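*Asks:* 3D model of this:
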Amino acid sequence: MHIAHFTNTYHPVTSGVVRSVSSFRQALTALGHNVFIFAQTDRAYEDTEPFVFRYPAVQLPLQEYPLTIPVSNFVDTLLPSLKLDVIHAHHPALLGQVAAKKANALDVPLVFTHHTRYREYSHYAFALPQGLAKQVIERWIGDYMSHCQHVVVPSESIKEILTETYGVTQGISVLPTGIDVAQYQKAEAGNIRQQRGWAEDDTILISVGRLAKEKNFETLITAVAPVIQKHPHVRLVILGEGEERAGLEALAEELGVAERVNLIGTIPFDEVPNYLKAADIFCFASVTETQGLVTLEAMATGLPVVAVDATGTRDAVHDGQEGLLTPNEPEPLTAALEKMIEDAEMRQKMAETAVHKAYEFDIQKLAKRLVQVYEEAIEARKAGFHIHTDVQKPIFSLDWRQLLDVDTGS
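*Replies:* As a prediction, the model looks like this:
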């Protein structure tokens, strides 16, 4: 097949979407397919892989990721020559809109992966009341899916949400992002503990994610504080960076645990498995995950999990098997962490179960399933099928080409 992925973020950005696109791209290529990536420009980054085509992008103040400008005469000219079989969009806006228009113009199916619980990000819409913001987002997503032949969701939890919210029952598949389990199994802690100044007898609780409001690190740090006070050998390590850093540092200071809460910042992706290997327990409090990819990666290295029971996470972890799940409150999370720390036998058993569960998400197996999704989408396009949604049309729409006052000839 000739497959085009349209994504607003790709290397060098680090995110779950980037990991998904990159992992599937490598696995699909290994299966003999041609995969083309359409993503944002980064002038400081040089691509090391072929067939990556870049749209202009700008870095705005206070925005972590670059804003992709969905206009490229070069891409408009190039696309027909690629003889595409399917277009796969990873965002509903910006390049996602381009993907929908190009799929229609080229008469190829549009597949969309619903990576994000978009409603839970409504707090970024500062200019709108939260109720209206959520309604706008809901209608906007529903309208986008109605242009697709197939929707991919990373977990059963998200499939249930789309069914309940939008009435989507056909043309939808659960297909989590796969992981290269072998990469995590062969990870080595090396001298990370020594480099970071962690004692050999420290019990390392580790978490991974952007330091953003929706990742709920405030709850995690609040829950860990009494654990550290009871067990002074415990240390919380968080890998990731973001706008909430100052607030989280202030919280740790206020709770008297700043010296035992280490916000490491962003580290190279290929070093993450080694940090996980150097830890003892993976902990996570995010309530906005669609799959819990970082949780699965931790499980693949042999870490038991203590986490808030939420979408995505509960699809990776069964309470009492690979780890312990709790309500989204500091007190029960504290109790679960203390139980995991104090019961070495349970911790070891759950670690072994976690590794076994991670093998269910091997990327090669899941890539073959994605090919089946593409084949179904191709047949659906021939039959004139589009995803049916029960939501109203968007309250308003935004045509980026009119906004930018350009004519790309498409």
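*Asks:* which residues of the stretch 251-400 of the chain fall in helices?
*Replies:* Taking DSSP state H, counting those that start in this stretch as the criterion, the stretch 251-400 of the chain contains helices spanning 272-277, 293-300, 313-316, 330-342, 344-358, 363-382, 400-404.
*Asks:* all the strands of the stretch 1-150 of the chain, in order from the start?
*Replies:* Along the stretch 1-150 of the chain, the segments classed as strands by DSSP state E, counting those that start in this stretch run 2-6, 34-40, 52-55, 57-58, 67-68, 86-89, 110-113, 150-153.
*Asks:* mean pLDDT, distance to residue 284 and mean neighbour count for these - can I get that in JSON lines?
*Replies:* Heads up, the C-betas are built off the backbone N, CA and C, glycines and all. Formatted as JSON lines, these follow (pLDDT from 0 to 100; distance: least, CB to CB, whole Å; neighbours: other CB atoms under 10 Å):
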{"stretch": "strand 2-6", "mean pLDDT": "98", "distance to residue 284": "27", "mean neighbour count": "24"}
{"stretch": "strand 34-40", "mean pLDDT": "98", "distance to residue 284": "28", "mean neighbour count": "22"}
{"stretch": "strand 52-55", "mean pLDDT": "98", "distance to residue 284": "31", "mean neighbour count": "18"}
{"stretch": "strand 57-58", "mean pLDDT": "94", "distance to residue 284": "30", "mean neighbour count": "16"}
{"stretch": "strand 67-68", "mean pLDDT": "94", "distance to residue 284": "29", "mean neighbour count": "20"}
{"stretch": "strand 86-89", "mean pLDDT": "98", "distance to residue 284": "28", "mean neighbour count": "26"}
{"stretch": "strand 110-113", "mean pLDDT": "98", "distance to residue 284": "22", "mean neighbour count": "27"}
{"stretch": "strand 150-153", "mean pLDDT": "98", "distance to residue 284": "20", "mean neighbour count": "25"}
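*Asks:* distance to residue 248 added to the ones you listed, as a markdown table?
*Replies:* A markdown table is the format used below for the strands of the stretch 1-150 of the chain (distance: least, CB to CB, whole Å):
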| stretch | distance to residue 248 |
| --- | --- |
| strand 2-6 | 34 |
| strand 34-40 | 28 |
| strand 52-55 | 34 |
| strand 57-58 | 28 |
| strand 67-68 | 26 |
| strand 86-89 | 33 |
| strand 110-113 | 30 |
| strand 150-153 | 30 |
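*Asks:* any idea how far residue 260 lies from residue 304?
*Replies:* Here the criterion is CB to CB, to the nearest Å. By it, residue 260 lies 20 Å from residue 304.
*Asks:* who's more crowded, the two?
*Replies:* The residue with more neighbours, out of residue 260 and residue 304, is residue 304; 25 against 21, by other CB atoms under 10 Å.
*Asks:* please name the residues that touch the closest residue to the more buried one other than its chain neighbours.
*Replies:* Using CB to CB, 6 or more residues apart in numbering and skipping the chain neighbours, the partner closest in space to residue 304 is residue 350 (3.7 Å). Contacts for residue 350 (CB atoms under 8 Å, 6 or more residues apart in numbering) come out as 304-305, 321-323, 340.
*Asks:* and the two most separated of the residues you listed?
*Replies:* Longest distance between any two of the contacts of residue 350 is 13.1 Å, between 321 and 340; criterion CB to CB.
*Asks:* rewinding a little: can the helices of the stretch 251-400 of the chain go into CSV with extra columns for distance to residue 48 and mean pLDDT?
*Replies:* Supplementary listing: these in CSV, determined by distance: least, CB to CB, whole Å; pLDDT from 0 to 100:
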stretch, distance to residue 48, mean pLDDT
helix 272-277, 19, 97
helix 293-300, 22, 95
helix 313-316, 30, 92
helix 330-342, 40, 98
helix 344-358, 27, 97
helix 363-382, 19, 97
helix 400-404, 30, 42
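*Asks:* quick one, what contacts the closest residue in space to residue 334 that isn't next to it in sequence?
*Replies:* Nearest residue to residue 334, sequence neighbours excluded (CB to CB, 6+ apart): residue 223, at 4.6 Å. Going by CB under 8 Å, 6+ apart, residue 223 touches 285, 330-331, 333-334, 337.
*Asks:* so can I have a markdown table of those residues showing neighbour count?
*Replies:* Formatted as a markdown table, these follow (neighbours: other CB atoms under 10 Å):
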| residue | neighbour count |
| --- | --- |
| 285 | 26 |
| 330 | 19 |
| 331 | 12 |
| 333 | 26 |
| 334 | 19 |
| 337 | 27 |
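*Asks:* which one is the residue most central in space within the chain nearest to, not counting chain neighbours?
*Replies:* Taking CA atoms, centre = their mean, the centroid of the chain lies closest to residue 16, which sits 3.0 Å from it. For residue 16, ignoring the flanking residues on the chain, the nearest one in space by CB to CB, 6+ apart is residue 293 at 5.3 Å.
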